[in-house]
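Asker: Structure for this input, please:
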Amino acid sequence: MQSEERQLRIEEYLQKVEFASLDELSELVDASASTVRRDLTLLETKGTLQRTHGGARIVNPRSDEFTFSARDTHQLAEKEGIAKACADQIRSNQTVIIDAGTTVYHVARYLENKSPQIITNSLPVANLFAADNRLEIVISGGVIYPRLGVLVGPLAVEAFTKIHADVAVMGAGGITLEGITNSHGLLIDIQRAMIRAAQKVIFCLDHTKFGRKSVSSLCDLDCIDTIVTDGGAPADLVEALRARNLEVVVAAS
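Answerer: Residues are numbered from 1 along each chain as shown. Modelled structure (predicted):
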């Protein structure tokens, strides 16, 4: 692949996912890390992207699809129902990992009276409880992406390799019988570390995520304990997931 084609593919991919790791981009264009670094340096001089620790981010995204505030308006009623049902799965005083998804942000809002210790890479979740002296909030390190409201990168991943939690509450881009998928590698690396750190893993997925495959594979179904969804989830897929020994909780309307 010629350099111009590599750089075009890198730019197009970053327009879709906003940011990506060096390994992810190397795999995308089937080139060595050193070659991709040179491509990124050239694209940065053109003002197309910004280099980050371990990867790159697009400077002017064409879409607000990944902006936290924009995503939080999607399926809002379903998210509220899922959040209440998920909060019922969590006992008082547990240590709970909350990821950076918009649905799990709503879960966090229903946990205050359970006095959990919360560990998160989500700035909106951290801000939600910043003034509440009844809760202990642990925030991962990492690179801040303001539009996403999330901390990402190697430091964020490392933070979750050094902890143990009772429960991880997570979101994703899609679920099929083949497993869970999500939008891009930097989020996936952190979510995998979260899964390994938790005794119980709960995914909160509204009905639009069922039968859908996102960009990258996150985990197999055997990594999950519970899925919380809404009444719009397809009944055949719900039953197929239950047949795989997964607990599927369908929130009340």
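Asker: quick one, what contacts the nearest residue to K114 once chain neighbours are set aside?
Answerer: Distances taken as C-beta to C-beta, 6 or more residues apart in numbering place S92 nearest to K114, at 4.6 Å, with adjacent residues excluded. From N, CA and C alone the C-beta is placed, and that goes for glycine too. For S92, the contact set (C-beta atoms under 8 Å, 6 or more residues apart in numbering) comprises K114, S115, P116.
Asker: Could you tell me which of those count as buried?
Answerer: The neighbour count (16 or more other C-beta atoms under 10 Å) marks P116 as buried among the contacts of S92.
Asker: per-residue confidence averaged over the longest helix along the chain?
Answerer: If you go by DSSP state H, the chain has its longest helix at helix 3-17. Mean pLDDT, helix 3-17: 84.
Asker: Just after it, pick out the following helix or strand.
Answerer: strand 19-21 (DSSP states H and E).
Asker: Listing partners with orientation, what would you give for that following strand?
Answerer: strand 55-58 (antiparallel) (DSSP bridges).
Asker: Now tell me what touches the strand it pairs with from outside.
Answerer: By C-beta under 8 Å, 6+ apart, strand 55-58 touches 10-11, 14-15, 18-22, 24-25, 40, 43-44, 48-50, 145, 153, 186.
Asker: Apply the buried test to the residues you listed and list what passes.
Answerer: 10-11, 14, 18-22, 24-25, 40, 43, 48-49, 145, 153, 186.
Asker: R6 contacts D39, doesn't it?
Answerer: Yes: with contact defined as C-beta atoms under 8 Å, R6 counts as touching D39 (5.4 Å).
Asker: and the helix or strand where F160 lies, how far out from the chain's middle?
Answerer: Assessed by DSSP H and E, F160 sits inside helix 154-161. In terms of C-alpha atoms, centre = their mean, to the nearest Å, the gap separating the centre of helix 154-161 from the centre of its chain is 14 Å.
Asker: Now do the contacts for the residue nearest to Y110 when sequence neighbours are not counted.
Answerer: In space, and not counting its chain neighbours, Y110 is closest to A87: 3.7 Å by C-beta to C-beta, 6+ apart. Counting by C-beta under 8 Å, 6+ apart, A87 makes contact with V107, Y110, L111, K114.
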